[in-house]
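Student: no sequence on this one, just coordinates:
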């Protein structure tokens, strides 16, 4: 099973590339991984903020890139698209990269 430490380590390594290529400014882990409740079937929930909002195809490209590099399914969520109440709840458990 993939661990939180594995995800954090790999995301720290990938962050400079994501920033340079896709203008990713902030990345947070949330959901079951952040709470320590992940299972073998859990996807990795990542909340991302962009300096320049990507188009849909680029967004999918980022998600696929991360899935391949982490060897795990990724659920990528743009921070700007979250409603205030949901954003507040997610940010309470989120782990910044």
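Tutor: It's in. A quick note: this is a predicted structure, and the numbers were derived from the prediction, not measured.
Student: In this structure residue 25 contacts residue 49, no?
Tutor: Yes. The pair formed by residue 25 and residue 49 meets the contact definition of C-beta atoms under 8 Å, at 5.0 Å. Every residue, glycine included, has its C-beta placed from N, CA and C.
Student: what comes into contact with stretch 41-60?
Tutor: 2, 7, 11, 22-34, 62, 66, 70, 72-80, 82, 90, 94 (C-beta atoms under 8 Å, 6 or more residues apart in numbering).
Student: likewise stretch 1-11?
Tutor: 27, 29, 33-34, 36, 38-40, 44, 46, 69-72, 95, 97.
Student: For residue 65, the count of nearby residues, please.
Tutor: Residue 65 is flanked by 17 other residues according to other C-beta atoms under 10 Å.
Student: Likewise for the one 10 residues further on?
Tutor: Applying other C-beta under 10 Å, we find 15 residues neighbouring residue 75.
Student: I am finished for the moment; much appreciated.
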